[in-house]
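1. My questions are about this predicted structure, shown below with the sequence.
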Amino acid sequence: MALQKHVLSLFLMLFIIVIPYVPCYVTSQEDPLKIHGGGDSPFNNIDDGGTPKKLIQQSTQVLSLNRFVKLGVTSSSASKLNVNDFGAKGDGKTDDTEAFNKAWQAACSSGRDVILVVPSNYDYLLKPVRFSGPCNSRITFQISGTIEASENSSDYTEDPQHWLMFESVQNVTVQGGGTINGNGDTWWRKSCKKNPSLPCKSAPTAVTFYRCENLIVENLVIKNAQQIHVNIQESSKVKVSGVTVSAPEDSPNTDGIHITNTKIIQISNSVIATGDDCLSIESGTQNLLASDIACGPGHGISIGSLGETGTEELVSGITVNGAHLSGTTNGVRIKTWPGGSGSASNIKFQNIVMENVTNPIIIDQNYCDQKTPCKQQKSTVKIRNVLYENIKGTSASDVAVSLNCSQSFPCQGIVLHNIDLRQEQEAQIPKALCQSALLSYVGSVSPRCP
Ligand SMILES: *[C@@H]1O[C@H](CO)[C@@H](O)[C@H](O)[C@H]1NC(C)=O
Ligand SMILES: *[C@@H]1O[C@H](CO)[C@@H](O)[C@H](O)[C@H]1NC(C)=O
Ligand SMILES: *[C@@H]1O[C@H](CO)[C@@H](O)[C@H](O)[C@H]1NC(C)=O
Ligand SMILES: *[C@@H]1O[C@H](CO)[C@@H](O)[C@H](O)[C@H]1NC(C)=O
């Protein structure tokens, strides 16, 4: 039996080599790692990045983050500053922007490590603020109270994209158990997604980390962002944990944690309920490990969308290991616009529980989030080496697996390993729809492509 299987898969491998673009191609394999490369794998000739060795290197790099975590400022060595000493009122009405600016400048220019305290039981109203580096020392921004966004849109005319922004800072920790509230409701009502007669304009991101290195964000509540809750952009060595994001299910474009052009990032132990993607992993993200993520409501965990602007985009070394998605529109999704170039590769989705998720496993290479339909195009962001492993639970729709890949560049090296998805409502097994996906099954997989 085993031999027969072996001969069969050998035959199928040859078949792949001879006829490279077979839609929804299926083989049977024993070892998931083999499929990602290794001596005799047919995927060897696909690319550089696909070997298990590379994948393992990437995880070690992500795990080495634990080393810099110890760099956190300890209260014994650091001086403490309190925003109230810089004139902040914290009464929820007074504009405390200037006081926060002054407090940050003092912290940033301090020769010693600093803990900048936003005390509990106060409520600070802020216009857009930039916490800019480089700073002289390590800073712990300890938010224990509440920070609220100004709801007056004329406060955002200078920079309509950002509310709180940390830029070019190294060795910074933002923590403290407090709450950051974007008061997004006034922006949501003006969104073209809520009211199609209005023009589509973007709203500010609640918290942006731009060009930061050695960044820790932990133990915070971030809610009701004007648009994206947390954007981590062009940064490296980032650890996010114990973060709670919450916004209503119908709030437009309120991504939980959005990551762009960032390398070496770990997100763990976080609970995200929002109106858009819980995690959105965008172009330029490399070596990301997300674990213990609870998501729902929301649009799930997404890689992309990629390729919207037609520029070359690259995402690689992404591992989501340990997630619970509940009532979301998608589970784990890779989405690319028609057109564009570059690749999304070496991606692992492991140990994931789906609870009434509309599209539990989805690759959509025809993603088009605009009012006018997108044109069909020849070029695309290529998708390679994606492992789905130990994914179980229920689908709200009758399609639990949808691999809708580009006809000009089929998805390659897709592996489904131990998948058990059922329908939430019906007793039937849900469907798998597959187009232009070169895929393999390992272990017990249900549903399978027809
Ligand atoms: C940040 O930490 C790194 C590693 O310890 C150190 O080399 C660098 O000087 C630090 N920068 C600041 C501003 O503290
Ligand atoms: C918004 O801010 C502008 C400029 O500071 C001010 O003139 C206006 O009165 C404010 N609107 C509200 C509703 O507070
Ligand atoms: C499952 O999701 C569907 C669609 O989102 C919803 O209508 C239904 O009430 C949900 N069922 C349960 C048991 O939550
Ligand atoms: C793939 O997407 C295209 C465009 O949205 C759609 O027409 C097609 O039916 C989809 N195929 C599958 C198998 O879902």
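-> Looks like it came in fine. Ligands and ions are numbered 1, 2, ... in the order given.
2. quick one, phi psi at the nearest residue to L126 once chain neighbours are set aside?
-> Excluding the flanking residues, the one nearest L126 by CB to CB, 6 or more residues apart in numbering is T97, at 5.2 Å. (Each C-beta comes from the backbone N, C-alpha and C, glycine too.) For T97, the backbone dihedrals (degrees, to the nearest 10) come out as phi -60, psi -50.
3. Near T97, how many other residues are there?
-> Applying other CB atoms under 10 Å, we find 17 residues neighbouring T97.
4. In contact with it: list those residues for me.
-> Applying CB atoms under 8 Å, 6 or more residues apart in numbering to T97 gives the contacts L126, K127, P128, V129.
5. hmm, 10 Å instead?
-> Contact partners of T97, counting by CB atoms under 10 Å, 6 or more residues apart in numbering, are A88, Y124, L125, L126, K127, P128, V129, S150, D155.
6. Nearest to L433, out of these: which one, please.
-> P128 (44.5 Å; CB to CB).
7. Against ligand 4, how distant is that closest one?
-> According to CB to the nearest ligand atom, to the nearest Å, P128 stands 38 Å off from ligand 4.
8. How many residues are close by that residue?
-> Neighbours of P128 under the rule other CB under 10 Å: 19.
9. Could you list the domains of the protein?
-> 23-63+277-367+379-450, 70-188+203-246 (automatic domain parsing).
10. Tell me if the first one is near ligand 3.
-> This means domain 23-63+277-367+379-450. Yes - using CB under 6 Å from any ligand atom, domain 23-63+277-367+379-450 reaches ligand 3 at G327, N356, T358, A396, E424.
11. Low-confidence stretches in this protein?
-> Counting by pLDDT under 70, the chain contains low-confidence residues at 1-75.
12. Ligand 4 contacts on that one?
-> So the chain meets ligand 4 at N366, S402, N404, L433, Q435 (CB under 6 Å from any ligand atom).
13. out of those residues, who has the most neighbours?
-> S402 (20 neighbours).
14. check contacts around that one.
-> 330, 333, 359-364, 431-435, 437.
15. Which of these ranks first by neighbour count?
-> When neighbours are counted by other CB under 10 Å, P360 leads these with 32 neighbours.
16. Nearest residue to that one in space, please, no chain neighbours.
-> G331 (3.8 Å).
17. Check E282 too.
-> Using CB to CB, 6+ apart, the nearest residue to E282 is T260, at 4.3 Å.
18. quick one: the one you found and ligand 4, what's the gap?
-> The gap separating T260 from ligand 4 is 25 Å, by CB to the nearest ligand atom.
19. Just confirm that residue contacts Q286, I think it does.
-> No - using CB atoms under 10 Å as the test, T260 is too far from Q286 to be in contact (11.4 Å).
20. what's A99 sitting at in phi/psi?
-> phi -60, psi -40.
21. scratch that, A103
-> Dihedral pair for A103: phi -60, psi -40, per degrees, to the nearest 10.
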